[in-house]
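Trainee: Here's a sequence, model it:
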Amino acid sequence: MMIWRSNHAANERRTENPLAASGQIIWLIGTLLIVSIPHWFYLHLWVPIVVIAILAWRTFAALKRWPLPSNWVRVPLTLLGFVVVLFSYRSVSGLSAGSALLLVMASLKLLETRGHRDRAIVIFICYFLLFAAFLREQSLWSSSYLIAGVLATTAAMFQTARIGSVIPATQAIRIAGRLLLQALPIALLLFLLFPRIPGPFWSLPTGDKQARSGLSSELNPGDISELTLSDDLAFRVRFLNGAPEPVELYWRGPVMDQFDGRKWFQTPNWERTAPDLSFADTARIIEYELTLEPHGQRWLLALETPFNWDAPRARLSAEQQLLNPYPVERRVSYRSASMTDRRLPAAPNNEAIERALRVPSDLNRRSLAFAQKLRQETPDEARYLERILQHFNREGFRYTLRPPLLGDNPVDEFMFESRRGFCGHYASAFAFLARAGGIPARIVTGYQGGNPNPLSNYWIVRQSDAHAWVEVWLNESWVRYDPTGAVAPDRIEYGFDTAMDRLNQSTGTRFRDNPWITRLAMSWDAVHANWNRWILGFGPETQAKILNFFGFKNPTVKHLIITLSLSVTFVMLLTGFAQHYRSKPKSDKLLSAYQLLCRKTGNAIRPKKPAEGPGEYLETLCVKRPELATELQSLFNRYIQLRYDGNKHDLETNKIERKQLIRAIRRFNPKPV
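Mentor: The predicted model follows:
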């Protein structure tokens, strides 16, 4: 068997047309180049360099008809490629390492592509590379590029499967497009009916440890000011029962309850869950659907305070922070419901209260003395906190995007020297002064506000909406205080952009003054949001809703598989019948009429001989039946004219005369003698 295969491959190489093989190799090289480009930006630099070098050499080898390297060259190169990938990524599995290995091996495979089977292997590797690229990036523009890659790969598959020379590129693309369109109904059925699993399907761990734009588990005064200069998307949210007021849009993220004198950070207590919460009778329920961009941390975002969510295995921590069981490495969508009114008193956590009172005594001494003096003058806790806010409002504090750098005593320098800062500065100073006055306090980071998309029913929250506020323990419950509102109330009431306009400050990254650019950006974002929601976010819940709409109540995996099998079978049968109908030759009505005329004259006069033409047959008929000569000549001559001389007539006239002749033949009824 192995001898037959080797002989078959040798015969294939000997009989292959060199020019045809060169054209097919060029198609392979171009396709591999197209499918490899999306991976270049995520792999080590040496990978695209090696791929381009091999593709360039193989192109010249195909055009110049150079001999391919022998096994003594190819085998060491293959082993070297495997070892270098293993050394670079410490693995050969996973998205990055697997993509690098596929790219290197597909390029090296071109060094031994002598037959159809070798070229088919490269084509299949190209399909795997396209799928790997979609696992890494699923945005709308990248998906469009990948669709073009599938079209090019399918065209290359058709070209490399040919025995003769390649056909023109436009013709190959048309054939590939027709094949993909024929497969589209089955692809849609598989997308809609294939059993779904919870969690992000279109994702794999990337191993990418680079920092991401977003909130952090630590807060130095001024950190969020850098984040506000970013116009990147943080998340989109669609309110299901009406959007709340902007002042209610506090999206809760990491909670900082420890302070070392310079920075705030979280206590690593991921396993402690929130106690049962009770709410006031006037509490307002806000339901929403949130699509969160990847940020590499475990926290999810929710309005204060969430009590219901459908994110798989997510839970609420003791600090009322919604946590994911794994880092958010891919875009994730979930629904949640929150109650924004103040909660009723809850049982205190003594450990958390104790942490929320700690302040270093050797740093920020001026602020510590200021707080102790103010507290002696104001025994009432709520009144003491109000006096801190009044101090921010009346003593020349400014809200700015570009505060000065702070030194070893950041609270002192902010309070008594710069008096300029962003939300992180005010939250840090307020929480420190509250603790120094004997009131437990902690900092909550997240996002505040957002901008509605006027072209759709959702809001956009960007990194520039990042915010920090404070929670203090008053009357046996945590109460929110936002000291930024004492200095820049527009930031809380109207949002980040309006506040910057009123303060005559700009991030330099927006084009909101141009309505055309704004409308174009919002239109694109609306398209992107629907793509994320209906395509990338298509999960078990959405699938169940669609099937319920068509009458499938509570479908199980068994029901899905049966429905999918029957639907795919029906589509394939329908496609087969359509192809059969298209391949069946269309009936020639004029020829059918002539054959009817011959049958009538054959029964009444004499049958037509197989090799007898219309003119010759007419002559014999006129000799045998001279009384029918005039009518026979009219019918036969009109047929000859329409069949062999139809170009002398315009199309419409030709159709009319054909119909008239067909009716005349049907009326013709000669009597046998």
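Trainee: Neighbours of the nearest residue to Asn532 once chain neighbours are set aside, how many?
Mentor: Nearest non-adjacent residue to Asn532, counting by Cβ to Cβ, 6 or more residues apart in numbering: Thr291, 5.5 Å away. Any C-beta I mention is one placed from the backbone N, CA and C, and that applies to glycine too. For Thr291, the count of nearby residues is 19 (other Cβ atoms under 10 Å).
Trainee: so what's the residue nearest to Lys624 when sequence neighbours are not counted scoring on pLDDT?
Mentor: Sequence neighbours aside, Ile605 is the residue nearest to Lys624 in space, at 5.3 Å (criterion: Cβ to Cβ, 6+ apart). Looking at Ile605, its pLDDT reads 90.
Trainee: Can you show me the CA trace of the helix or strand hosting Glu354 as PDB?
Mentor: Element membership of Glu354 [criterion: DSSP states H and E] is helix 350-355. The C-alpha trace of helix 350-355 is given here as PDB (Å, rounded to 0.1, in the frame of the first residue of the first chain):
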ATOM      1  CA  ASN A 350     -16.100  44.200  62.900                       C
ATOM      2  CA  GLU A 351     -12.900  43.300  60.900                       C
ATOM      3  CA  ALA A 352     -13.900  45.500  58.000                       C
ATOM      4  CA  ILE A 353     -14.800  48.400  60.300                       C
ATOM      5  CA  GLU A 354     -11.400  48.100  62.000                       C
ATOM      6  CA  ARG A 355      -9.600  48.200  58.700                       C
END
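Trainee: So the closest residue to Pro410 other than its chain neighbours: helix, strand or coil?
Mentor: Sequence neighbours aside, Pro221 is the residue nearest to Pro410 in space, at 5.0 Å (criterion: Cβ to Cβ, 6+ apart). For Pro221, the assignment made with DSSP: H, G, I helix; E, B strand; the rest coil gives coil.
Trainee: what number of residues lie near Pro221?
Mentor: Neighbours of Pro221 (other Cβ under 10 Å): 26.
Trainee: same question, Met572
Mentor: 12.
Trainee: quick one: buried residues of the longest helix seen in the chain?
Mentor: Of all segments of type helix in the chain, defined using DSSP state H, the longest is helix 557-583. Buried residues in helix 557-583, counted by 16 or more other Cβ atoms under 10 Å: 560, 563-564, 567, 571.
Trainee: hang on, the earlier thing: quick one: contacts for the residue nearest to Pro410?
Mentor: By Cβ atoms under 8 Å, 6 or more residues apart in numbering, the residues touching Pro221 are 406, 410-411, 414, 421, 424-425, 428-429.
Trainee: Recalculate using a threshold of 10 Å.
Mentor: 262-264, 403, 405-406, 410-411, 413-414, 421-429, 468 (Cβ atoms under 10 Å, 6 or more residues apart in numbering).
Trainee: Just these: which are in helices?
Mentor: Using DSSP H, those in helices are 410-411, 413, 423-429.
Trainee: can you pull out the strands in the stretch 351-500 of the chain?
Mentor: With strands called from DSSP state E, counting those that start in this stretch, the stretch 351-500 of the chain shows them at 398-399, 420-421, 441-448, 451-452, 459-462, 466-474, 477-481.
Trainee: Redo those as JSON lines? Include mean neighbour count and mean pLDDT.
Mentor: JSON lines is the format used below for the strands of the stretch 351-500 of the chain (neighbours: other Cβ atoms under 10 Å; pLDDT from 0 to 100):
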{"stretch": "strand 398-399", "mean neighbour count": "18", "mean pLDDT": "87"}
{"stretch": "strand 420-421", "mean neighbour count": "22", "mean pLDDT": "88"}
{"stretch": "strand 441-448", "mean neighbour count": "26", "mean pLDDT": "93"}
{"stretch": "strand 451-452", "mean neighbour count": "16", "mean pLDDT": "88"}
{"stretch": "strand 459-462", "mean neighbour count": "22", "mean pLDDT": "90"}
{"stretch": "strand 466-474", "mean neighbour count": "24", "mean pLDDT": "91"}
{"stretch": "strand 477-481", "mean neighbour count": "17", "mean pLDDT": "89"}
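Trainee: Excluding sequence neighbours, find me the nearest residue to Asn308.
Mentor: Ala337 (4.3 Å).
Trainee: where do the helices sit along the stretch 151-300 of the chain?
Mentor: Applying DSSP state H, counting those that start in this stretch to the stretch 151-300 of the chain gives helices spanning 169-193, 223-227.
Trainee: Mark out where each domain of this structure begins and ends.
Mentor: As given by automatic domain parsing, the domain ranges for the chain are 2-167, 228-502, 589-667.
Trainee: Reformat those domains as JSON lines; add distance to Leu547.
Mentor: Formatted as JSON lines, the domains of the chain follow (distance: least, Cβ to Cβ, whole Å):
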{"stretch": "domain 2-167", "distance to Leu547": "24"}
{"stretch": "domain 228-502", "distance to Leu547": "18"}
{"stretch": "domain 589-667", "distance to Leu547": "48"}
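Trainee: of these, which approaches Ser217 most closely?
Mentor: When the domains of the chain are compared by Cβ to Cβ, domain 228-502 sits nearest Ser217, at 4.9 Å.
Trainee: hang on, the earlier thing: could you give the angle of the longest helix of the chain to helix 169-193?
Mentor: Counting by axes from the mean of the first three to the mean of the last three Cα atoms, to 10 degrees, helix 557-583 points 150 degrees away from the direction of helix 169-193.
Trainee: Where does pLDDT dip in the stretch 101-250 of the chain?
Mentor: Applying pLDDT under 70 to the stretch 101-250 of the chain picks out residues 197-214, 222-230.
Trainee: same thing but 50
Mentor: Low-confidence segments of the stretch 101-250 of the chain (pLDDT under 50): 199-213, 227.
Trainee: Test my guess that Met522 contacts Trp459.
Mentor: No. Contact criterion Cβ atoms under 10 Å: Met522 and Trp459 do not qualify, at 11.6 Å.
Trainee: Which neighbours do those two have in common?
Mentor: Common contacts of Met522 and Trp459 (Cβ under 10 Å, 6+ apart): 451-453.
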